[in-house]
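**Q** need a 3D model of the following:
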Amino acid sequence: MAQATLMKSSMRLVFDNGIDEAGKQLFQTKTYSNVKPDATPDQFSAAAAAIAGLSARPLASIERNDTSTIQE
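**A** Modelled structure (predicted):
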């Protein structure tokens with residue numbers, strides 16, 4: 001049976017960047033690498049909120065990107 005091993009995680013914060021002339025919602029993203037792979041969702045959310053608090057733009061969403069290796 002194959003097994004997955006979590007290797008690394010990154011955090012992507014998506015900020016509300018207003019609306020353009022056509023009325024389309026604009027977003028700006030910022031990615032942070034080397035996030036602890038074993039961070040819980042609560043810890044991840046708390047870190048994102050702390051970082052987002054330093055921005056003038058409101059936070060639209062938080063994304064977590066994990067990289068794993070698959071071994072047979």
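
**Q** figure out the helix or strand that the closest residue to P58 other than its chain neighbours lives in.
**A** Of all residues not flanking P58 in the chain, D16 sits nearest, at 4.7 Å (C-beta to C-beta, 6 or more residues apart in numbering). Every C-beta, even on glycine, is put in place using the N, C-alpha and C of the backbone. Using DSSP states H and E, D16 sits in strand 3-19.

**Q** after that strand, next one along is what?
**A** strand 25-35.

**Q** run through the bridge partners of the residue nearest to K36 when sequence neighbours are not counted.
**A** In space, and not counting its chain neighbours, K36 is closest to S9: 7.0 Å by C-beta to C-beta, 6+ apart. For S9, the beta-bridge partners are V35, D66 (DSSP bridges).

**Q** just to revisit the earlier point, my read is that the residue nearest to P58 contacts S55, right?
**A** No - with contact defined as C-beta atoms under 8 Å, D16 does not reach S55; the gap is 10.1 Å.

**Q** now do the shared contacts for those two.
**A** Counting by C-beta atoms under 8 Å, 6 or more residues apart in numbering, no residue touches both D16 and S55.
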